[in-house]
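Asks: Model the following, please.
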Amino acid sequence: MENITILGAGVSGLALIEEIRAKNISCNIALIDKDTYFFPKRETTYSPGDISKRVEIAEWAKAREVEFISACVEKINPRRRKIYFKEDEPRDFDNLIIASGLKSKKLPIKGEHREGFFYLSDIDQIKLKNLLRISKEACVYVSTWLGLRLAISLANLGKDLKIVSDNLNFLGEDKEKVVSVLGQKNIGLYLDAFIEEAVGEGVVKAVKLSPLMVFSSQLVFIDSGFTPNLKFFEDELIIEDKFFTNFEGIYLLGDVNRKDIDREIFFTFNYEDTEGQARIFAEFIESGKKPDFSSQGIIDRDLRVNTEDVLKEVESWQSGLV
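Replies: Below is the predicted model of the structure:
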């Protein structure tokens, strides 16, 4: 591959570039992302509002002799091999690696345009840092471990926190223990409920639930599960074998190629697998030999219920260490 275009300056896209450069593979790399800076998504749930790990993508790319294109992709035509942007001129590609990650599933919630409303995949740490300074109350709709982890992090920042959930059954036999700890931490918990509206004018002021209940909150976070971020393709992209798709020269890297993503709950191995995928894909670029994934340890493991992680966190909350 002499010319490579990578869509997405997230963990997987940056890891692949590091692997390519570490192996001294001779190729031209163009990196496309709508953002000019990057934060590891995991940090959002563990350290909301912390911008210490901010990466300026243009500087990072320049240091690795990578062309960085800061632009919003509107659509991709895989047959004509063209990328169309909302404002810039179209761009041709030879080999396209989609490392665009995941997008939160949209839910029928009114008021999502208001400042202070975030889906998990769209949290901007810089914007959140500023909002955390002026917000006393926060509400998190929880459907996975990521939402619960974020809720606890917000509570640890001193926010008056409320958790809303259809149920917490993904916790399995540990559900009652977790619910008990949430009560000990004075975290409001509303089960068998759904967020109907983020109430306010320009900014969020309150949350309306169904069944009917309204309470004050300046921040609303929606943990709704995820779907691969592939909406910009004009023709359906089908995963044929992990990296490989139904279009020659178009590949999927990282979370975007994970099977049954809507069933994942704990997201325990995502970073580990992303790094492994980057290494294996760089070897594929170097050798041209299609990898045998069964021998590489790259599997869809996150469907397992990892109660061990839950119990570790619960014990930390109880002892006051978190």
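
Asks: going forward, measure contacts and count neighbours with C-alpha atoms only.
Replies: Noted.

Asks: Tell me if I'm right that residue 125 and residue 52 touch.
Replies: No. The pair residue 125 and residue 52 does not pass the contact test of CA atoms under 8 Å, sitting 9.9 Å apart.

Asks: Which of those two has more residues huddled nearby?
Replies: More neighbours surround residue 125 than the other of residue 125 and residue 52, with 22 against 9 (other CA atoms under 10 Å).

Asks: mind listing what that one touches?
Replies: Residues near residue 125 by CA atoms under 8 Å, 6 or more residues apart in numbering: 39, 44, 48-51.

Asks: Could you list every helix and strand that the helix or strand where residue 4 lies packs against?
Replies: For residue 4, the enclosing helix or strand under DSSP states H and E is strand 3-7. Contacts defined by 3 or more CA pairs under 8 Å, 6 or more residues apart in numbering; DSSP states H and E place strand 3-7 against strand 28-33, strand 95-98.

Asks: and if we set it to 10 Å?
Replies: Packing partners of strand 3-7 (3 or more CA pairs under 10 Å, 6 or more residues apart in numbering; DSSP states H and E): helix 11-22, strand 28-33, strand 67-70, strand 95-98, strand 250-252.

Asks: did I read that right, residue 284 in a strand?
Replies: No. According to DSSP: H, G, I helix; E, B strand; the rest coil, residue 284 belongs to no strand; its state is helix.

Asks: Leaving out the residues flanking it, which one is nearest to it?
Replies: Spatially, and ignoring its direct neighbours in sequence, residue 284 is nearest to residue 290 (6.1 Å; CA to CA, 6 or more residues apart in numbering).

Asks: And residue 111, by the same measure?
Replies: The nearest residue in space to residue 111 (CA to CA, 6+ apart) is residue 198, at 4.9 Å.

Asks: Reduced to three states, what does the one you found come out as?
Replies: Secondary structure state of residue 198, per three-state DSSP, is strand.

Asks: ok so, going back, could you tell me how many residues sit around the residue nearest to residue 284?
Replies: Residue 290: 14 neighbours (other CA under 10 Å).

Asks: Just the element for it, please.
Replies: Going by DSSP H and E, residue 290 is not in any helix or strand.

Asks: any idea how far residue 260 is from residue 168?
Replies: Distance of residue 168 to residue 260, computed by CA to CA, to the nearest Å: 20 Å.

Asks: so what sits against both of residue 125 and residue 52?
Replies: With contacts defined as CA atoms under 10 Å, 6 or more residues apart in numbering, the residues adjacent to both residue 125 and residue 52 are residue 39.

Asks: can you give me the strands in the stretch 101-250 of the chain?
Replies: Using DSSP state E, counting those that start in this stretch, the strands of the stretch 101-250 of the chain run over 102-104, 117-119, 137-141, 160-165, 188-191, 194-200, 204-210, 213-216, 219-222, 226-228, 239-241, 244-245, 250-252.

Asks: Out of the ones you listed, name the one with the poorest average pLDDT.
Replies: Lowest mean pLDDT of the strands of the stretch 101-250 of the chain: strand 239-241, a mean of 89.

Asks: Mind listing what's buried along it?
Replies: Within strand 239-241, the residues scored as buried using 16 or more other CA atoms under 10 Å are residue 239.
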